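Engineer: I would like the atomic coordinates for the input below:
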Amino acid sequence: MPIKIQDALPAREVLENENIFVMTEYRAMHQDIRPLNVLMLNLMPTKIVTETQFLRKLSNTPLQVQVEFLHMASHASTHVDATHLDTFYMTFDEIKENTYDGMIITGAPLDAVDFEDVDYWEELKMIMEWSKTHVHCTLHSCWGAFAGLYYHFGIQKRDRLPKLSGVFSHYIVKKNSPLFRGFDDVFYAPHSRATEIVAEQIESVPQLELMALSDQAGVAIAKTTDSKQFFVTCHPEYDADTLKLEYERDVEKGLRPLVPEHYFPDDDPAKEPIVNWRSAGQLLISNWLNYYVYQSTPYDLKKIQ
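Structural biologist: Numbering: from 1, shown residues only. Predicted structure coming up:
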């Protein structure tokens with residue numbers, strides 16, 4: 001089923017070339033159904049890349065999905081054209097009276113920064129608090145997951161050195177959860193982070209439950225027991241070359257990064273990576289949207305508050 005986005009969004013052409021059904025605003029207005037309203041708080045500097053990655057996953061959904069984009073008013077973005085933000089993004093003041101079926105809070109390259117030292121931390125706290133009464137279900141991704149766990153439950157991230165980078169196998173803790181319907185017994189997902197939380201931190205909070213773990217990468221997925229908040233430390237949305245581009249960037253900067261594990265054939269950066277996480281990544285986002293948003297959100301969004 002389609003995703004509904006603004007006609008001129010750069011991701012539209014990319015997705016249509018991949019034979020993904022993208023519905024224009026004009027066509028959507030002539031369908032007599034209520035779309036799922038999903039808000040994406042995009043904290044990544046490479047906003048267009050991240051938009052496209054998540055929109056690709058959201059495209060395989062049970063209903064029409066209307067996606068809106070949010071950026072931080074208290075932070076000056078330097079890696080994206082201001083026109084792009086002005087055209088496709090809103091600030092919190094512009095949407096704070098709205099209600100949404102779902103929300104995605106993306107990652108950010110802030111592993112080495114304490115939360116309180118992030119220049120937009122106060123604004124992000126305000127948005128996360130607002131989400132508890134204005135969003136039916138929120139998915140926090142990577143740094144967004146660490147930020148959410150810290151703000152909502154006081155769980156502090158831990159440094160992980162050297163940086164965790166690569167594609168790792170995971171096993172499912174809650175095998176009967178609808179989140180993992182269609183999953184194999186073992187699934188793969190990329191990680192790229194220099195921080196972590198451990199299982200004992202999740203298990204110490206009664207409102208949280210572990211969903212998936214990795215022997216190498218640790219906690220991959222957790223959620224609240226009421227299924228209103230999900231915390232995903234891996235990157236199911238990553239493209240085939242995302243880790244490769246990150247590695248090459250760090251090499252050019254002279255950072256001498258380790259080669260991402262289990263990613264390049266024979267661990268040889270000269271060889272093209274083989275994707276083994278795409279299907280699990282699609283299932284994860286689709287199942288979240290289907291079982292935890294679509295099938296439980298109120299038809300009248302005003303009832304979320």
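
Engineer: where in the stretch 201-305 of the chain is pLDDT low?
Structural biologist: The stretch 201-305 of the chain contains no residues with pLDDT under 70.

Engineer: now the strands: where do they sit in it?
Structural biologist: 208-214, 218-224, 229-232 (DSSP state E, counting those that start in this stretch).

Engineer: contact partners of the second one?
Structural biologist: I take that to be strand 218-224. Strand 218-224 is contacted by residues 145, 149, 170, 179, 189, 191, 196-199, 201-202, 207-214, 229-234, 284 when judged by CB atoms under 8 Å, 6 or more residues apart in numbering. Bear in mind the C-beta positions are built from the backbone N, C-alpha and C, glycine included.

Engineer: What of the shortest one?
Structural biologist: Among residues not part of strand 229-232, those counted as contacts by CB under 8 Å, 6+ apart are 137-142, 145, 148-149, 152, 179, 220-224, 284, 288, 292.

Engineer: Could you rerun that using 7 Å?
Structural biologist: With contact meaning CB atoms under 7 Å, 6 or more residues apart in numbering, strand 229-232 is reached by 138, 139, 140, 141, 145, 148, 149, 152, 221, 222, 223, 288.

Engineer: wait, which of the strands of the stretch 201-305 of the chain is closest to residue 260?
Structural biologist: Nearest of the strands of the stretch 201-305 of the chain to residue 260, taken as CB to CB: strand 208-214 at 14.5 Å.

Engineer: Out of the contacts of strand 229-232, which end up buried?
Structural biologist: 138, 139, 140, 141, 145, 148, 149, 152, 221, 222, 223, 288 (16 or more other CB atoms under 10 Å).

Engineer: Specify which member of the residues you listed is nearest to residue 251.
Structural biologist: residue 141 (25.3 Å).

Engineer: counting residues per strand, which one in this structure is longest?
Structural biologist: In the chain, taking DSSP state E as the definition, the longest strand is strand 158-172.

Engineer: That one vs strand 218-224, what angle?
Structural biologist: Orientation of strand 158-172 against strand 218-224 (axes from the mean of the first three to the mean of the last three CA atoms, to 10 degrees) gives an angle of 80 degrees.

Engineer: Can you list the helices and strands that strand 158-172 packs against?
Structural biologist: strand 186-196, strand 208-214 (3 or more CB pairs under 7 Å, 6 or more residues apart in numbering; DSSP states H and E).

Engineer: Count residues in the vicinity of the nearest residue to residue 269 once chain neighbours are set aside, would you?
Structural biologist: Counting by CB to CB, 6 or more residues apart in numbering, residue 259 is the residue found nearest to residue 269 once chain neighbours are left out, at 5.9 Å. Counted with other CB atoms under 10 Å, residues neighbouring residue 259 total 14.

Engineer: distance of residue 259 from residue 277?
Structural biologist: 18 Å (CB to CB, to the nearest Å).

Engineer: Please tell me how far the spatially most central residue of the chain sits from residue 160.
Structural biologist: Central residue of the chain (CA atoms, centre = their mean): residue 141, 3.8 Å from the mean position. Distance, residue 141 to residue 160, using CB to CB: 17 Å.

Engineer: just residue 70 next, same as before
Structural biologist: As judged by CB to CB, residue 70 and residue 160 stand 29 Å apart.
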